[in-house]
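**Student:** okay, predicted coordinates and the sequence, questions at the end:
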Amino acid sequence: MSGETPTPRALNIKPLDECRVLVTPTSFAKGDPGLKIALEEAVGEVLYNTTGRPLSSSEVVQLIPGIDGYIAGVDTIDQAVIRAADQLRVIARYGVGVDAIDLEAARQAGIVVCNTPGANSASVAELAIGLMLSLARNLPVAFQATKAGEWPRLSGLTLEGKTIGLIGFGAIGQQVAWRLSGFSCAILAYDPLIKQAPPELPNVQVVSSDEVIRRADFISLHCALTAETKSLVDARFLAQMKPGSFLINTARGELIDEGALFDALHDGKLRGAALDVFTHQPPGKEHPLLGLPQVIATPHMGAHTDSATNAMGWMALRECLAVLRGENPLHRVV
């Protein structure tokens with residue numbers, strides 16, 4: 001959508017040195033020092049999120065009045081935020097997912113929304129494979145036992161000869177497939193928008209979702225969160241999975257019905273799961289899934305690498321400044 005005519009509010013151009021920008025991803029300021037320098041030299045004032053976490057709607061509402069540009073993490077940007085955004089012209093999402101943004105409210109308010117596709121694909125793909133290997137070799141148990149002075153003889157699985165299923169075959173899913181090409185495993189992928197694998201991935205079969213679910217030893221989720229994919233992994237989905245298979249989620253927590261997943265793991269239908277995301281974050285130490293030894297949990301760290309944070313930062317910065325200058329961003333969502 002990058003070629004579309006800017007929305008009316010985006011045409012209310014004023015000098016960059018008079019613009020105020022809100023930056024909420026905490027890793028933005030911790031990455032390449034040039035990011036802060038470039039932004040602060042370009043605009044009149046920059047406000048940073050100092051909480052160390054994503055902001056709630058009520059917190060953003062307090063900060064957003066008088067802001068022209070918003071480099072946003074996974075904060076809640078709902079109708080209340082859009083109503084309070086009296087000067088806002090652009091939301092530049094530091095990442096890909098825009099499910100936390102009320103896109104229709106932004107469109108009606110004349111606010112451009114853009115994102116940074118591809119910037120974190122390699123990093124998320126690497127984590128997904130790392131979690132896959134950790135599940136296969138039961139690494140958390142091995143770590144803890146060995147550091148406790150034990151010397152258990154643990155038996156694991158190889159990825160060689162196994163079938164890996166990818167639900168979602170966009171940039172991240174394809175990066176996972178490419179990186180798995182040396183593991184001598186079969187790769188099945190499902191994506192409603194993709195009918196066949198690209199030529200550079202001849203080891204991938206694009207099949208139906210039912211076939212992926214039924215045949216895969218490991219299923220890794222790489223789809224966007226939409227009304228159609230919310231609670232995609234429900235009791236029916238889990239019942240179709242192979243007995244003793246594994247589930248990996250580095251996409252969005254809301255893709256999974258966590259109660260149904262708990263039951264499938266507790267009952268032994270699934271051998272294990274690795275979750276980098278949860279429906280509510282942080283999930284809290286009393287979350288039932290965290291009490292299961294066959295669950296590996298990480299704190300939504302898929303994109304938290306040097307290359308990904310810097311790439312997302314520079315892309316979001318360029319998109320934000322482009323709109324503030326009256327130009328079309330490269331990766332416009334609405």
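**Tutor:** Thanks, I have the structure now.
**Student:** would you map the helices across the stretch 201-334 of the chain?
**Tutor:** Per DSSP state H, counting those that start in this stretch, the stretch 201-334 of the chain carries helices over the ranges 209-215, 235-240, 258-266, 306-324.
**Student:** which one of those lies closest to P288?
**Tutor:** The closest of those to P288 is helix 258-266. By Cβ to Cβ, the value is 5.0 Å. In this view, the C-beta of every residue, glycine as well, is placed from N, C-alpha and C.
**Student:** residues in contact with that closest one?
**Tutor:** Under the contact criterion Cβ atoms under 8 Å, 6 or more residues apart in numbering, helix 258-266 has outside partners 233-235, 238-239, 241, 247, 270, 272-273, 278-279, 287-289, 292, 294-295.
**Student:** still on that earlier bit, now the helices of the stretch 201-334 of the chain in JSON lines, with mean pLDDT, mean neighbour count and distance to D68?
**Tutor:** Output for the helices of the stretch 201-334 of the chain, formatted as JSON lines (pLDDT from 0 to 100; neighbours: other Cβ atoms under 10 Å; distance: least, Cβ to Cβ, whole Å):
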{"stretch": "helix 209-215", "mean pLDDT": "98", "mean neighbour count": "17", "distance to D68": "43"}
{"stretch": "helix 235-240", "mean pLDDT": "98", "mean neighbour count": "15", "distance to D68": "44"}
{"stretch": "helix 258-266", "mean pLDDT": "98", "mean neighbour count": "18", "distance to D68": "39"}
{"stretch": "helix 306-324", "mean pLDDT": "96", "mean neighbour count": "22", "distance to D68": "6"}
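**Student:** and the ones you listed: which comes nearest R53?
**Tutor:** Ranked by Cβ to Cβ, the member of the helices of the stretch 201-334 of the chain that lies closest to R53 is helix 306-324, at 16.0 Å.
**Student:** list the helices and strands that closest one packs on?
**Tutor:** Judged by 3 or more Cβ pairs under 8 Å, 6 or more residues apart in numbering; DSSP states H and E, helix 306-324 is in contact with helix 33-42, strand 69-72, strand 90-93, strand 112-114, helix 121-137.
**Student:** and the angle for it with helix 33-42?
**Tutor:** 10 degrees (axes from the mean of the first three to the mean of the last three Cα atoms, to 10 degrees).
**Student:** who wins for proximity to R93 among the helices of the stretch 201-334 of the chain?
**Tutor:** Within the helices of the stretch 201-334 of the chain, the stretch nearest R93 is helix 306-324; the backing value is 6.9 Å (Cβ to Cβ).
**Student:** with distance to Y190 added, can I get the helices of the stretch 201-334 of the chain in TSV?
**Tutor:** Below are the helices of the stretch 201-334 of the chain laid out as TSV (distance: least, Cβ to Cβ, whole Å):
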stretch	distance to Y190
helix 209-215	4
helix 235-240	12
helix 258-266	19
helix 306-324	25
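**Student:** closest to E45 out of these?
**Tutor:** helix 306-324 (12.7 Å).
**Student:** hang on, the earlier thing: adding mean pLDDT, mean neighbour count and distance to A322, write the helices and strands packed on helix 306-324 out as JSON lines.
**Tutor:** Formatted as JSON lines, the helices and strands packed on helix 306-324 follow (pLDDT from 0 to 100; neighbours: other Cβ under 10 Å; distance: least, Cβ to Cβ, whole Å):
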{"stretch": "helix 33-42", "mean pLDDT": "96", "mean neighbour count": "15", "distance to A322": "11"}
{"stretch": "strand 69-72", "mean pLDDT": "98", "mean neighbour count": "29", "distance to A322": "10"}
{"stretch": "strand 90-93", "mean pLDDT": "98", "mean neighbour count": "29", "distance to A322": "8"}
{"stretch": "strand 112-114", "mean pLDDT": "97", "mean neighbour count": "27", "distance to A322": "8"}
{"stretch": "helix 121-137", "mean pLDDT": "98", "mean neighbour count": "22", "distance to A322": "22"}
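**Student:** ok, which of these comes nearest E59?
**Tutor:** strand 69-72 (12.4 Å).
**Student:** what about the next helix or strand after that closest one, average pLDDT?
**Tutor:** Sequence-wise, the next helix or strand downstream of strand 69-72 (DSSP states H and E) is helix 79-84. Across helix 79-84, pLDDT averages out at 98.
**Student:** same question, stretch 241-255
**Tutor:** For stretch 241-255, the mean pLDDT works out to 98.
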